[in-house]
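A.B. asks: Sequence and predicted structure, then a few things I'm wondering about:
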Amino acid sequence: MAPTAESSKPTFDKPLKLPLPQEEIDRINAYLRDLTPEQILEWAAEHVPGLFQTTAFGLTGLVAIDMLSKITQNPPPLIFVDTLYHFPETYELVEEVKKRYNRDVHVYKPEGCQTVEDFEKKYGQKFWEADETTYDYLVKVEPARRAYEELGVKAVITGRRASQGADRANLQPLEVDNTGLIKLNPLFAWTFPFVEWYVETNNVPKNKLLSQGYRSVGDWHSTVKSGDGDSGERAGRWAGKKEKTECGLHVDYFKLKADAERKLKEKAASEQPSEPSAAAPTPVSAVEATA
């Protein structure tokens with residue numbers, strides 16, 4: 001009897017046993033590459049332990065949130081890294097998503113900071129201009145890693161897609177970074193028109209700025225409206241920095257952390273007041289000496 005499609009379907013541990021060896025990652029990707037985003041998410045919900053969704057509420061992340069709402073009654077928890085510098089429209093969208101999908105959101109901010117004033121008291125105003133890489137570490141990477149440790153995160157659903165280009169051009173459905181964190185990219189094969197089609201067809205909430213000339217929304221100080229002829233789907237992000245394609249969450253964590261900690265230590269040392277020189281002893285007058 002010839003094997004049926006169901007019997008020839010590969011099987012995986014439920015849940016997956018971590019850490020995943022490379023041969024198992026390759027086997028998983030060979031299977032996931034032929035699935036739809038919904039099927040990838042359904043598979044992940046069944047197989048991937050410690051699964052959360054990190055999102056800045058961009059369009060792809062919103063599509064995944066909507067898909068999961070239709071796949072499972074217990075979708076992976078949401079993590080939002082609040083840099084403190086998001087647009088008001090982004091914070092409005094977070095509340096809209098919470099209400100629309102009846103979801104709680106774990107919000108993580110820069111360590112020891114609840115407000116912009118707190119952050120600028122520690123690091124100064126416009127710190128992103130002084131050291132953008134360390135800024136990214138402080139407002140995005142460190143809070144995310146703290147969330148992973150405190151919440152027991154083993155895997156995250158991302159909004160990354162191969163069509164976004166740069167470092168994402170060869171994206172796979174499932175990856176493991178150098179910290180051992182699993183990154184699931186369910187819409188890895190979708191182009192931006194597919195994402196827009198899904199959002200419109202399913203009436204998915206989206207950032208109001210997208211209808212005002214913005215194509216991709218990040219921090220207010222580094223996001224501008226896309227210009228004429230600037231058709232890239234991430235146009236307007238990191239204005240004036242064409243070489244920049246990632247915010248720090250998807251680069252070498254250990255290198256970024258070491259560089260940031262070194263720079264912060266140097267910054268703190270340079271801001272320390274210099275030691276006052278020892279005062280010269282006051283001469284004793286002959287009168288005082290014989291008093």
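C.D. replies: Here it is on my side, so go on.
A.B. asks: longest helix of the chain?
C.D. replies: Secondary structure of the chain per DSSP state H: the longest helix is helix 253-271.
A.B. asks: same for it, what does it pack against?
C.D. replies: Helix 253-271 is packed against helix 132-136, helix 142-151, with contacts defined by 3 or more CB pairs under 8 Å, 6 or more residues apart in numbering; DSSP states H and E. Yep, even glycine has a C-beta here, placed from its N, CA and C like the rest.
A.B. asks: Including mean pLDDT and mean neighbour count, could the ones you listed go into JSON lines?
C.D. replies: Below are the helices and strands packed on helix 253-271 laid out as JSON lines (pLDDT from 0 to 100; neighbours: other CB atoms under 10 Å):
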{"stretch": "helix 132-136", "mean pLDDT": "93", "mean neighbour count": "20"}
{"stretch": "helix 142-151", "mean pLDDT": "97", "mean neighbour count": "17"}
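A.B. asks: excluding its backbone neighbours, what's nearest residue 176?
C.D. replies: residue 182 (5.5 Å; CB to CB, 6 or more residues apart in numbering).
A.B. asks: Return the set of residues that bridge with that neighbour.
C.D. replies: Beta-bridge pairing for residue 182 (DSSP bridges): residue 155, residue 176.
A.B. asks: for this protein, which spans come out with low pLDDT?
C.D. replies: Applying pLDDT under 70 to the chain picks out residues 1-7, 165, 226-248, 250, 274-291.
A.B. asks: Next, the most centrally placed residue in it: secondary structure please.
C.D. replies: Nearest to the geometric centre of the chain sits residue 249, at 4.8 Å (CA atoms, centre = their mean). Under DSSP: H, G, I helix; E, B strand; the rest coil, the three-state class of residue 249 is coil.
A.B. asks: What segments of the protein are strands?
C.D. replies: With strands called from DSSP state E, the chain shows them at 51-54, 78-81, 105-108, 155-157, 174-176, 182-184.
A.B. asks: Quickly compare these and say which is most buried.
C.D. replies: With neighbours taken as mean count of other CB atoms under 10 Å, the strands of the chain reach their highest mean count in strand 155-157, at a mean of 26.
A.B. asks: circling back: residue 155 is in contact with the residue nearest to residue 176, correct?
C.D. replies: Yes - using CB atoms under 8 Å, residue 182 is in contact with residue 155, at 3.6 Å.
A.B. asks: Which residues are in contact with each of these two?
C.D. replies: residue 48 (CB atoms under 8 Å, 6 or more residues apart in numbering).
A.B. asks: hang on, the earlier thing: the longest helix of the chain: how far from the chain's middle?
C.D. replies: With CA atoms, centre = their mean, to the nearest Å as the basis, helix 253-271 stands 20 Å off its chain's centre.
A.B. asks: can you pull the buried residues of that helix?
C.D. replies: 253, 256, 260, 264 (16 or more other CB atoms under 10 Å).
A.B. asks: Next: stretch 158-176.
C.D. replies: Within stretch 158-176, the residues scored as buried using 16+ other CB under 10 Å are 158-164, 168, 171-176.
A.B. asks: Any chance you could list what contacts that stretch?
C.D. replies: Here stretch 158-176 makes contact (CB under 8 Å, 6+ apart) with 19-20, 25, 28-29, 32-33, 35, 40, 54-56, 58-61, 63-64, 182-192, 195, 232-234, 245-246, 250.
A.B. asks: Try it again at 7 Å.
C.D. replies: 20, 25, 28-29, 32-33, 40, 54-55, 58, 60-61, 64, 182-185, 187-192, 233-234, 245-246 (CB atoms under 7 Å, 6 or more residues apart in numbering).
A.B. asks: What of stretch 253-260?
C.D. replies: With contacts defined as CB under 7 Å, 6+ apart, stretch 253-260 is touched by 133, 134, 137, 141, 177, 178, 179, 248.
A.B. asks: quick one: which of these is nearest to residue 68?
C.D. replies: The closest of the contacts of stretch 253-260 to residue 68 turns out to be residue 177 (CB to CB; 22.1 Å).
A.B. asks: wait, the closest one sits on residue 155?
C.D. replies: No - applying CB atoms under 7 Å, one finds residue 177 not in contact with residue 155, separated by 10.6 Å.
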